[in-house]
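Trainee: no sequence for this one, just the structure:
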Ligand code: TYM
């Protein structure tokens, strides 16, 4: 069975973008692959987080993994910081990454372009840690949204570099990016990605949003003056985004939705999108409540960490021997 691995940063509440671009795919793939899904809690401290909020977001993220359908019997679910081998491998891979490669990472370049202050060294080297997350487990496939594809490509380059410099050690992973829903856009500015750190909160639907709030966000989503429900990302980015959201959640192809709404107005269309979104959120939130009231989370994390640690430790030892920093047999 091929192995698949992915993770989400709990640097805020999980969003509909995380669900559509990543989480729902993890759930769909867990029957087909040996699945490893972790919470990237080290990645999220590359930017300062309020400790109290972080603790809450972290617990919510794990509960949401389960509420969205990740099954601990099928998937290994764990916390990144519970497997220290991952961070150590991260350092070794950082030493095999060139500054030029990290300088080219779009997410980092965007922050520099926005003249953000206090960009940490951790944020700069984060793609090397992400490579370690993937390579420690010999993942064949990495399901991600569009914005993370470049980071998976760096992981491929680092795996190939290491394999060529020493000897075959790492599986070279492949990104898996869905055709629809890989980049859900902000509802208030459909030229920007829907993101956890949305300043106004209007453009982003959180999985734990009150349903009335979520509905309102969809109903006030920015559209255009064209007045026809059509899939045209260039001229109608807002409507196209809503079409992607609806199609991803309902499974109905975009063409079919477009046909159904021929001659109808945006209000009617948005109402149906809101219905579909609220139905999804309602189901997730009910399960989330059950999970929060149970004591399943700690057990899931402990079992997950034990399984993950065993694999990552073996890989790290292998790497250390090849590099020459380990003399024990
Ligand atoms: P993060 O936490 O930013 O996002 C988690 C996943 O959600 C996807 N995503 C989206 N997809 C569609 N539309 C959106 N608006 C949207 N926003 C986010 C992301 O593409 C991602 O798949 N560095 C990673 C976490 C990570 C990781 C890894 C992933 C750390 N190590 C190893 C895979 C493998 C991150 O910050 O994702």
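Mentor: Okay, I see it. Predicted, not measured: the structure shown is a model, and the values here were computed from it.

Trainee: show me where the stretch 51-200 of the chain has its strands.
Mentor: All strands of the stretch 51-200 of the chain, identified by DSSP state E, counting those that start in this stretch, fall at 75-79, 141-143, 174-176.

Trainee: so can I have TSV of these showing distance to residue 168, mean pLDDT and mean neighbour count?
Mentor: Just so you know, the C-beta spots here come from the backbone N, C-alpha and C atoms, and that holds for glycine as well. Shown next, in TSV, are the strands of the stretch 51-200 of the chain (distance: least, CB to CB, whole Å; pLDDT from 0 to 100; neighbours: other CB atoms under 10 Å):
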stretch	distance to residue 168	mean pLDDT	mean neighbour count
strand 75-79	24	98	24
strand 141-143	19	98	24
strand 174-176	17	98	18
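
Trainee: which among these is found nearest to the ligand?
Mentor: Closest approach to the ligand among the strands of the stretch 51-200 of the chain (CB to the nearest ligand atom): strand 141-143, 5.0 Å.

Trainee: what's that closest one in contact with?
Mentor: 2-6, 22, 25-26, 29, 33, 134, 152, 155, 173-178 (CB atoms under 8 Å, 6 or more residues apart in numbering).

Trainee: 6 Å - rerun?
Mentor: 4, 6, 25, 134, 152, 173, 174, 175, 176 (CB atoms under 6 Å, 6 or more residues apart in numbering).

Trainee: please tell me how far the fourth one sits from residue 145.
Mentor: Residue 134 sits 15 Å away from residue 145, taking CB to CB, to the nearest Å as the criterion.

Trainee: of these two, give the one with the bigger neighbour count.
Mentor: residue 134 (27 against 23; other CB atoms under 10 Å).

Trainee: contacting residues for the more buried one?
Mentor: Contact analysis of residue 134 by CB under 6 Å, 6+ apart lists 5, 142, 155, 173.

Trainee: and those residues near the ligand, which?
Mentor: Among the contacts of residue 134, proximity to the ligand is found for residue 142 (CB under 6 Å from any ligand atom).

Trainee: okay if I get the contacts of residue 134 as a markdown table plus distance to residue 161?
Mentor: Below are these laid out as a markdown table (distance: CB to CB, whole Å):
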| residue | distance to residue 161 |
| --- | --- |
| 5 | 20 |
| 142 | 18 |
| 155 | 11 |
| 173 | 14 |
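
Trainee: pull the most distant pair out of the contacts of residue 134.
Mentor: Greatest spatial distance among the contacts of residue 134 (CB to CB): 5 and 155, at 10.4 Å.

Trainee: residue 239: which element?
Mentor: For residue 239, the host element (DSSP states H and E) is helix 237-250.

Trainee: which stretch of helix or strand covers the closest residue to residue 8 other than its chain neighbours?
Mentor: Spatial nearest neighbour of residue 8, chain neighbours left out: residue 18 (5.6 Å); criterion: CB to CB, 6 or more residues apart in numbering. In this assignment (DSSP H and E), residue 18 forms part of helix 16-18.

Trainee: need the contact list for the residue in the stretch 201-329 of the chain that the ligand sits nearest to.
Mentor: Residue of the stretch 201-329 of the chain nearest the ligand, by CB to the nearest ligand atom: residue 204 (8.4 Å). By CB under 6 Å, 6+ apart, the contact set of residue 204 is 15, 194, 198.

Trainee: show me which of those residues is closest to the ligand.
Mentor: For those, the nearest to the ligand is residue 194 (3.8 Å; CB to the nearest ligand atom).

Trainee: buried sites along the helix holding residue 239?
Mentor: 237-250 (16 or more other CB atoms under 10 Å).

Trainee: stretch 256-269 too?
Mentor: 257, 258, 261, 266, 269.

Trainee: what's the average pLDDT for it?
Mentor: Mean pLDDT, stretch 256-269: 98.

Trainee: again with stretch 107-127
Mentor: For stretch 107-127, the mean confidence score works out to 91.
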